[in-house]
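S.K.: structure here, sequence nowhere to be found:
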């Protein structure tokens, strides 16, 4: 049973602000580029990734059915017509999967007939158990079904099974360990990103001892569990599939940074701030945030962030094995500028009498914070090559997947 309803850019898209004719013209040009990339020999995966990242994403589910397998290097022709039979009752995770799927009613389109939804839920259970049965090194986690159901609704059971298996052994691999050590390690990248961009928000969150657990469901479900509009979910999946596997943590960071005023106006204690951050707004400017996440990935690649992560693991995570990319712009990163500026300030302070130094400290810190924030804002506008760098990063990692089709 396949839910085959094409979803195009909806009313909430920023494309509506530029006129209906312009929107249609852009969509036609993008569709033509996608068609050309799919028809190339070999398939032009870099262009497909760029289309998935760029404004509006892949536009419809029909296009996603053609592009998502190419991005994940799943040869459609090699997928068997008959899927493996699932031994449900004998699987150790069956009862937990069943409970989670039964609670997933909100993940299905409103108004869907009960019979159709129940059929899809049965397929969802089979996909999950089939992947786990074939890959015993993978461990089910609550939230995994939120990712799988998105693929099921877009692709149907046969295609979804193949793509979910590839995704589970690569992008999601760290979440499927027997412990949460690697998941926590990835969550620890969140605060260094926030610190680099907005030290004031970072300091406030540190003082509140809020931690990063508020973003756990965002990360392990690719936001599928917390967003109510399916159009926004698949738009993010376009973006994440086309990018480095750590991109969801960058997107989590830009959501927090986007809510700067709310954060700083909140009570500075863990329960209040955790509650605020856990309630993710549904009216986010998704295209703007996607662009910012890509820019931050360019400015602060994982190789830079890992130096700031306190928790280290002896076991190398899957995310840490992905090769970092070269910056696609000659612009200086704001962290480099900030460090140089801070060094100059320290040198100046050494020349200032001690009694004057303490009185000027309160002025220096806000000035430095404003400086780094303005630097980041300036680069967000200036880094027109950020999307290209993100694509190149994904392609640098992609040879591990034998990216090009024969």
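M.R.: Nice, thanks for sending it over. For clarity, every value in this text was computed on a predicted model and none was experimentally measured. Numbers count the residues shown, from 1 in each chain.
S.K.: so which residue is smack in the middle of this structure?
M.R.: The centroid of the chain falls nearest to residue 248 when counting by Cα atoms, centre = their mean (2.2 Å).
S.K.: helix or strand for that one, just tell me which one.
M.R.: In the assignment (DSSP states H and E), residue 248 maps to helix 247-258.
S.K.: how many residues are close by residue 36?
M.R.: Residue 36: 11 surrounding residues under other Cβ atoms under 10 Å. For every residue, glycine as well, the C-beta is placed using N, CA and C.
S.K.: next secondary structure element downstream of the helix or strand containing it?
M.R.: Using DSSP H and E, residue 36 sits within helix 20-39. Sequence order places helix 45-53 as the next helix or strand after helix 20-39, per DSSP H and E.
S.K.: right, and the helix or strand after that next one?
M.R.: Next element after helix 45-53 (DSSP H and E): helix 61-71.
S.K.: show residues contacting that following helix.
M.R.: For helix 61-71, the surrounding residues in contact (Cβ atoms under 8 Å, 6 or more residues apart in numbering) are 4-7, 31, 34, 38, 43, 45, 48-49, 51-52, 58, 75-76, 151, 154-155, 159, 162-163, 234, 238, 241-242, 405.
S.K.: residue 229 reaches residue 281, doesn't it?
M.R.: No. In this structure residue 229 lies outside contact range of residue 281 using Cβ atoms under 8 Å: 11.7 Å.
S.K.: quick one: common contacting residues for the two?
M.R.: If you check residue 229 and residue 281 against Cβ under 8 Å, 6+ apart, no residue is contacted by both.
S.K.: so how far is residue 186 from the residue nearest to the centre of the chain?
M.R.: Separation of residue 248 from residue 186 (Cβ to Cβ, to the nearest Å): 9 Å.
S.K.: overlap in contacts of the two?
M.R.: Joint contacts of residue 248 and residue 186 (Cβ under 8 Å, 6+ apart) are residue 219.
S.K.: state the mean pLDDT of stretch 237-249.
M.R.: For stretch 237-249, mean pLDDT is 96.
S.K.: now the end-to-end length of it.
M.R.: End-to-end distance of stretch 237-249 (Cα to Cα, to the nearest Å): 13 Å.
S.K.: residue numbering should commence at 17 henceforth.
M.R.: OK, 17 is where the count begins now, so the last one is stretch 253-265.
S.K.: what about it, distance to the chain center?
M.R.: Put simply, stretch 253-265 sits 4 Å off its chain's centre (Cα atoms, centre = their mean, to the nearest Å).
S.K.: show me where the stretch 17-166 of the chain dips below the pLDDT cut-off.
M.R.: For the stretch 17-166 of the chain, applying pLDDT under 70 flags the ranges 17-34.
S.K.: mind listing the helices for the stretch 217-366 of the chain?
M.R.: 232-237, 246-257, 263-274, 276-281, 286-294, 302-315, 318-321, 350-366 (DSSP state H, counting those that start in this stretch).
S.K.: buried ones in the fifth one?
M.R.: Right, the one you point to is helix 286-294. 289-290, 292-293 (16 or more other Cβ atoms under 10 Å).
S.K.: show residues contacting stretch 290-307.
M.R.: Under Cβ under 8 Å, 6+ apart, the answer for stretch 290-307 is 28-30, 69, 71-72, 226-227, 229-231, 234, 239, 242-245, 248, 251-252, 255, 267, 270-272, 274-275, 278-279, 282, 396, 402-403.
S.K.: what about that stretch, how long is it end to end?
M.R.: This stretch, stretch 290-307, spans 26 Å end to end (Cα to Cα).
S.K.: now it: how far from the chain's centre is it?
M.R.: Relative to its chain's centre, stretch 290-307 lies at 12 Å (Cα atoms, centre = their mean).
S.K.: quick one: residue 167 and residue 179 touch, right?
M.R.: Yes. Contact criterion Cβ under 8 Å: residue 167 and residue 179 qualify, at 5.6 Å.
S.K.: tell me which of those two has more neighbours.
M.R.: For residue 167 versus residue 179, neighbours defined as other Cβ under 10 Å are more numerous around residue 167 (24 against 21).
S.K.: apart from its neighbours in sequence, what residue is nearest that one?
M.R.: Nearest non-adjacent residue to residue 167, counting by Cβ to Cβ, 6 or more residues apart in numbering: residue 176, 4.0 Å away.
S.K.: residues contacting the one you found?
M.R.: So residue 176 contacts 143, 164, 167-168, 170 (Cβ under 8 Å, 6+ apart).
S.K.: dump the residues you listed to CSV, plus distance to residue 96 and secondary structure.
M.R.: Listed next are those as CSV, based on distance: Cβ to Cβ, whole Å; DSSP: H, G, I helix; E, B strand; the rest coil:
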residue, distance to residue 96, secondary structure
143, 14, helix
164, 19, helix
167, 17, helix
168, 17, helix
170, 20, helix
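S.K.: out of those, who's nearest residue 150?
M.R.: Proximity to residue 150 was ranked across the contacts of residue 176 by Cβ to Cβ; first place goes to residue 143, at 11.1 Å.
S.K.: excluding its backbone neighbours, what's nearest that closest one?
M.R.: Using Cβ to Cβ, 6+ apart, the nearest residue to residue 143 is residue 177, at 5.0 Å.
S.K.: ok, now which ones touch the one you found?
M.R.: Taking Cβ under 8 Å, 6+ apart as the test, what residue 177 contacts is 95, 99, 143, 146-147.
S.K.: and it, what pLDDT?
M.R.: As predicted, residue 177 sits at a pLDDT of 96.
S.K.: what about it, which helix or strand?
M.R.: Per DSSP H and E: residue 177 is located in helix 173-184.
S.K.: how about stretch 273-288: buried residues?
M.R.: So for stretch 273-288, counting by 16+ other Cβ under 10 Å, buried means 273-276, 279, 282.
S.K.: out of these, who's nearest residue 318?
M.R.: Closest to residue 318, out of all of the buried residues of stretch 273-288 and judged by Cβ to Cβ, is residue 273, at 17.9 Å.
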